[in-house]
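# Pasting the sequence and the predicted coordinates here, then a few questions.
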2 protein chains.
Amino acid sequence: MTKWVYSFGAGTADGSADMKNLLGGKGANLAEMSSLGLPVPAGFTITTEVCTAYYDNDRRYPDELSGQLDEALAKIEAQVGVKFGDAKDPLLVSVRSGARASMPGMMDTVLNLGLNDETVRGLATASGDERFAYDSYRRFIQMFGDVVLEVDHHHFEEILELHKEDRGYSMDTDLNAEDWRKVIEGFKAKIVEETGEPFPQNPKDQLWAAVSAVFGSWMNQRAITYRRLHAIPASWGTAVNVQAMVFGNMGDDCATGVAFTRDPSTGENIFYGEYLVNAQGEDVVAGIRTPQHLTIQGKVANGSDLPAMEEVMPEVFGQLNDVRLRLEKHYRDIQDVEFTVQRGTLYMLQTRAGKRTAPAALKIAVDFVNEGLITKEEAISRVDPASLDQLLHPTLDPDAPRHVLTRGLPASPGAASGKIVFSADAAEKQAAAGDTVILCRIETSPDDIHGMHAAKGILTTRGGMTSHAAVVARGMGRACVAGAGELRIDYKTGVLRTRTDELREGDLITIDGGSGEVMKGEVPTLQPELSGDFGILMGWADSIRQMEVRANADTPTDCRTARDFGAEGVGLCRTEHMFFEGERIVAVREMIMADNERERRAALAKILPMQRQDFIEIFEIMDGLPVTIRLLDPPLHEFLPHGEAELAEFAEASNMPLDIVRSRAGKLNENNPMLGHRGCRLGISYPEIYEMQVRAIFEAAAHVSKELDKSVEPEVMIPLIAVKREIEILKELVDRVAQEVMDAEKTEIKYLVGTMIELPRAALRASEIAEEAEFFSFGTNDLTQTTYGLSRDDAGSFLGTYEHRGIIEQDPFISLDDEGVGELVSIATERGQAQRPDIKLGICGEHGGDPSSIHFCQKVGLDYVSCSPYRVPIARLAAAQAALTAKRQ
Amino acid sequence: MTKWVYSFGAGTADGSADMKNLLGGKGANLAEMSSLGLPVPAGFTITTEVCTAYYDNDRRYPDELSGQLDEALAKIEAQVGVKFGDAKDPLLVSVRSGARASMPGMMDTVLNLGLNDETVRGLATASGDERFAYDSYRRFIQMFGDVVLEVDHHHFEEILELHKEDRGYSMDTDLNAEDWRKVIEGFKAKIVEETGEPFPQNPKDQLWAAVSAVFGSWMNQRAITYRRLHAIPASWGTAVNVQAMVFGNMGDDCATGVAFTRDPSTGENIFYGEYLVNAQGEDVVAGIRTPQHLTIQGKVANGSDLPAMEEVMPEVFGQLNDVRLRLEKHYRDIQDVEFTVQRGTLYMLQTRAGKRTAPAALKIAVDFVNEGLITKEEAISRVDPASLDQLLHPTLDPDAPRHVLTRGLPASPGAASGKIVFSADAAEKQAAAGDTVILCRIETSPDDIHGMHAAKGILTTRGGMTSHAAVVARGMGRACVAGAGELRIDYKTGVLRTRTDELREGDLITIDGGSGEVMKGEVPTLQPELSGDFGILMGWADSIRQMEVRANADTPTDCRTARDFGAEGVGLCRTEHMFFEGERIVAVREMIMADNERERRAALAKILPMQRQDFIEIFEIMDGLPVTIRLLDPPLHEFLPHGEAELAEFAEASNMPLDIVRSRAGKLNENNPMLGHRGCRLGISYPEIYEMQVRAIFEAAAHVSKELDKSVEPEVMIPLIAVKREIEILKELVDRVAQEVMDAEKTEIKYLVGTMIELPRAALRASEIAEEAEFFSFGTNDLTQTTYGLSRDDAGSFLGTYEHRGIIEQDPFISLDDEGVGELVSIATERGQAQRPDIKLGICGEHGGDPSSIHFCQKVGLDYVSCSPYRVPIARLAAAQAALTAKRQ
């Protein structure tokens, strides 16, 4: 016979903590605490299997359930010493849901179940407190009415308010037993009015109704939606916990409270929590009374003048502190507990792993290892890599006042204050003059790179999490709020408008790229402190992970940041970003506008020394580490001036007739530039461009290895390969120019030539491409765009809806789409390795810094991930976790 | 011991016609003719394996070759009765290359080899014709010098011309023996001057040098390039044929000629060919003398006054005619032969399958079946499906004079004349007034559809074979020349300029979409005649093919054409094309500009009756056949007016403020519309649009089946599915609206709901998509774009280079890329069928009308192909061929 009901209490339990799937989180932990001998009120858990059976059988319960429930109830009665429904001294119970994972949207709690018009009098007698008894009864009716009978809670609040008005009361505590009786009459009448039935008086009926309400709520719309969004299968079901009531509101020797076994915001090893004397749990949450601190230390630290539990109930506090120490040792993690003190006796009502801030998670993980409670591997598993982001950027001072203007997308973390500027040029100029500025644009383009570099933060009114502004800002480690759609920017008049305010160039503004908030004026920020714990945990992670972590770094500054954050090389150096800087854009444009190869070569000759200098600095900084350099990728029109005025300016400056300039610019224009004349297609059409770049790379490498005596490992990467012949032709070009330089410089440079895999065709044809390519770097940004047929720039108009409606689980530009894009990555990996067993495999899309995508990379067997410098620590930790997961499997 | 040399002659041969791989085409057929007992001059073939061995062994011949060659040469001597190098009566030979496939770029022919200063005198004596002997010698030196010694042929021509000038001769026939001796001296001196070596006098040296020249030319640059472009492996090698010379130029009882066993331009069963008395083969080709007809019938038909061979040499002609009949019976195909008559004796020098025109191919195939020579299956295999295109469109009268202005891409077949118009509106207006017009645009957009419909032909100056103009024109069956880049169109002044001419609106122009030619004035055209043979062959094809052939048809006109051409349903009806017609575009734009769902529904309500009427007509025409209707696919901005003036006009007409119109249009603008807010993404965002379309489809279906009593099979197709949830949501929408209509109309309509597979992700996730989709239609245009990361609209700037340089074998938008895109089609097919065994599978990209792609579809196992109406016959034939190929394998 299936066991549907699991009892606990009095130092024993049918279940245990590892039975979460069967008993739900709450039930399993109640059983565990009970087995540990901790003071848990007696109770039982109806298993999740009942829920499943209930739905499988057309909402009918298993036959044996009723009998098992009666037995379990009898056990409670035996332990507590009172009877359920006893008119003299009734047993009251709570009914709570408890799924495997915490699930908002489900029925939560019914307290004081078992009270009716008769037993309430028994409770009054037994407790010796009539007011308490009737207060308990009205609380029960109110909760039961709301969550079981589905009578809107406003009705009950209205009745109570009206009664208080009638009597001239201001607080609930003003009501006496008689008042509550009146209110109860009102409640019961309302229930008849709303449901057509009287409030159920039979305690057994009450119990079954409450249990059914919990199971019923598993399939309500909110719960279904939540499950879909969080990929929780409906088949998991929920459990129901029925437990003897204990009361924290029977007098001043009673109390209730919540506590963390350590400080959840700092991780410090101090007992942290709050309690209220003579109160029920819901009072602590409701916030009507000010909760008091558990410890004297806590009271002092927070400047409270209310007495600590340590002072008021020293003995019970001592018991609670013992429980705290036992739970931490037992669970080997910080715990979040609920307790009640009934007439001087401590009862534990809940324990679960405590939620903590990122710094706390770090400190706790390291401390637990030092205390011998957990292993380094466990410590690594317990820190959420994404949370490290908070530690690496400035944050707003939480105590500072803020005037929030609007909210956009939290596009790149960090908080920044500065003067408003509306153009990249202004940003550069004012930053050079010593101002800190926030660049505010409708949207940004590659033209704005220099201004984004100069600014401390970027604010845009258009574009999503993967817009140009967002991607570049994350890469540079600049704070960015994107797509703040309520703002209006008028470049002409130099005004930024909100619904209520109007700000001008030079006005101070603050943005929080972690929350998306945009604030008026300067809000003070706190600088990140990479405490010792951070370094220690990173060290452990590095010793465990198998994948290398590199950085996507285009500039010497990026490279320095990357090394500081522990990058083991550059996985993607985008040479085109170099093209925009300073005067070189002029030469670049001359090159593009050139009418023939000769003119183009003349312009390229001007760019060569500048590009070489870039590489010299980068190689110098990355001394000893590999640097993957991608040859020119974007379509040429990205480098041209936009708009008639800019074109005219360029024509003037370059001494070309305007109509020629306009016509050449027009010719380069494309309908779908993402799928146009770019990547290696440029290298095929204009080999002289790639030749210049390769020459710059190898001349720089020769210089750095010969003159600076540093070790250089260039990896030349050809973008957008679709067919084998492309890489064949371009590899030959690279080898030829490299050989020319090495001959001229009389030196040998070890290098690799490889390709991005960023088109579905390249993934499918990986075997033949690997005949030429010595490494593959998965460009999962573009691979996602082509696999999904989805432009990052344009997806904003509907991708939000898609996520919101659960059509896709997650933005595929943020977390790699394992099923679609991921299959192509797997295919390419297999076929590439079959052709060339020692092929080097990495990822350089934004996914390289996303923990779940990093797990996927480990599973597929990549050699490295590469991400923006500021995400390198995240990637290091995530890679270690992925290695641990792999080891376990 | 390997046999390197194969002899033939005197009614026997070592080889046969089926040894083409070893002996090359020419050698294999010479052997075959010899075995048949036909008069073939004795000779031998050095095999292709020698070529391969030669290159494998560093350009050294196999040891045994020399001995085998000597033996074979001795056989010739024995048969002919003269000796190679004999000073009295020398054997002369020809040396010719002969690969498996005909290959331009290789050394072709050396004649009269074996002559030197001594043997030429023997030849003079033996032939009794001194002039003939020295003429033969100088021809030999000239050819040998050119192709073996690589002395530029201009040198020889110059010497000959100077000699003629000196003597005052105008024709070669004016030269006597002494003259030729002088010329020969000059030739030899020039050879010493150019090569530093005297002309080789030893006949054996001459022979080896000629053989090596043939093998050497296999690896010259032109041959290598040709092989790369035609995917011929270098390992095939070439053979060399050495054959006893026979002379058609030894007097008036000699002749030489070429013939087809039937008329290769009409296919008529008449002997067709030309000959020259007293001439060598090259004289026929050189065109100095007017060739004469073989038959009296030919002479009369062509109004020639030169005597036919049938008259001049009736006996030899009779032999030749016998050979003709034997060859056709033996080879079971039309043959293209070369012959020489030496002093009254007929010799056959070559036979091969004759190239023929499309109408001839058709007639010959059908006639051969009727004559019992081949089976229906063979007849089907012998007609090139692509050639049918010529038969389905008007062609230029080949005899009419033409003034060619320029040449563009042959974008859509057919020839058309008409008045120049520069806008779609003008085209529509003037066509309505009874003019035939050619629409001339820089490029076309969906706005121009009505004008393209109204025009007889379309000419653009920009865009490639897959530009909008080209694709739409092919779909509509309009002639189109695209990307005629030398032309300049000035819309403002209404002028079309070439380098030399200037044409204005209303001037007559002619375009040939089959050749790409653009001509001034009206060139008369011939209407296609779909003769009985066409129908007969199509009937055979239909009985053999396994795949259905449907048409991509958007309008009632398209549907009628499609049925006429034998389509078995509509595979793709693009509803958006309907949106552009007439007044409806106004309602469509109102719908797009609507600020909210209510306004949008109001506008949609205006479109509903028009769309329903479209479907009524289409269902009526397609009575009994399935019609696949694709719901709205393109991004909404495609429907909006372009340019400031058009926006203002729309604002005026629709009573909306211009800045609102402008801002809404701007908001809809996309960076990469191909990857943007389109396809089913619109259906998710604006379900009311799809609801209207589905309602129109089912109301139309109900009307046609109830009122017109015709059978209707709608297949509703959802475009651009990437994730399963999309089709889930939209299938539910279709089913719901369909049910509503069926309930209201009290009728049942059988229908299917399916999806395009046009994104790599959809192909990969086909299994889960097939849980919902009842059919897949491969949208290989978009699938190619996303798999390759290649925009059809933008590829023009480099795809030509790619094809030209052999980076890709063929434009992947024309012939399906089997390896990349094809693998995705295979994957989707397998996974779709595994999930839903009875899933219907088809293709509706342009590839559906491309023969090689159709073979791929058969191999993968699709149920149908769908193509533009004018390609339906091509697809029917190609599908039959594919079925035959499948049967053979």
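That came through fine.

# any weak-confidence spans in the stretch 351-500 of chain A?
A:466 (pLDDT under 70).

# In chain A, what helix or strand scores lowest on average pLDDT?
Ranked by mean pLDDT, DSSP states H and E, the weakest helix or strand in chain A is helix A:281-286, scoring a mean of 67.

# in its sheet, what does whichever helix or strand comes after that one sit against?
Next helix or strand after helix A:281-286 toward the C-terminus (DSSP states H and E): strand A:292-293. Under the criterion DSSP bridges, strand A:292-293 sits next to strand A:272-277 (antiparallel) in its sheet.

# Need the residues that contact the strand it pairs with.
A:248, A:252, A:254-264, A:283-284, A:289, A:291-295, A:298, A:309, A:312, A:337 (C-beta atoms under 8 Å, 6 or more residues apart in numbering or on different chains). In this view, the C-beta of every residue, glycine as well, is placed from N, C-alpha and C.

# Tell me where the stretch 351-500 of chain A has helices.
A:358-370, A:376-382, A:389-392, A:424-432, A:449-454, A:468-476 (DSSP state H, counting those that start in this stretch).

# gap between the two ends of stretch A:781-795?
13 Å (C-alpha to C-alpha, to the nearest Å).

# One more: stretch A:476-488?
26 Å.

# in that stretch, what counts as buried?
Neighbour counts over stretch A:476-488 (16 or more other C-beta atoms under 10 Å in any protein chain shown) mark A:Met476, A:Gly477, A:Arg478, A:Ala479, A:Cys480, A:Val481, A:Ala482, A:Gly483, A:Ala484, A:Leu487 as buried.

# Out of those residues, name the ones that lie in strands.
A:Ala479, A:Cys480, A:Val481, A:Ala482 (DSSP state E).

# And these, which is closest to chain B?
A:Ala482 (15.6 Å; C-beta to the nearest C-beta).

# I figured the closest one hits A:Val472, correct?
No. Using C-beta atoms under 8 Å, A:Ala482 makes no contact with A:Val472, being 10.6 Å away.

# What residues does the most centrally placed residue in chain A make contact with?
Centroid-nearest residue in chain A: A:Ala386, 5.9 Å away (criterion: C-alpha atoms, centre = their mean). Residues in contact with A:Ala386, defined by C-beta under 8 Å, 6+ apart, are A:Pro851, A:Ile874.

# how far away is it from A:Ile814?
11 Å (C-beta to C-beta, to the nearest Å).

# Could you do A:Gly451 as well?
The separation that A:Gly451 has from A:Ile814, given C-beta to C-beta, amounts to 26 Å.

# cool, and A:Met622?
28 Å.

# Settle it for me: which of the two has more neighbours?
A:Met622 (29 against 16; other C-beta atoms under 10 Å in any protein chain shown).

# So A:Pro869 versus A:Gly566, what's the distance?
10 Å.

# Which one of the helices of the stretch 351-500 of chain A lies nearest to chain B?
helix A:468-476 (9.9 Å).

# who's in contact with that closest one?
A:409, A:411-412, A:441, A:443-446, A:449, A:452-453, A:457-458, A:460, A:463-464, A:478-480, A:482, A:513, A:552, A:554, A:558, A:793, A:846, A:868-871.

# Show me how far stretch A:67-87 is from its chain's centre.
In terms of C-alpha atoms, centre = their mean, to the nearest Å, the gap separating the centre of stretch A:67-87 from the centre of its chain is 45 Å.

# same deal with stretch A:569-584?
On C-alpha atoms, centre = their mean, the centre of stretch A:569-584 falls 30 Å from that of its chain.

# Just the buried residues of it, please?
A:569-580, A:584.

# Then stretch A:758-778?
A:758-770, A:772-778.

# Now, these that are in strands?
A:Phe775, A:Phe776, A:Ser777, A:Phe778.
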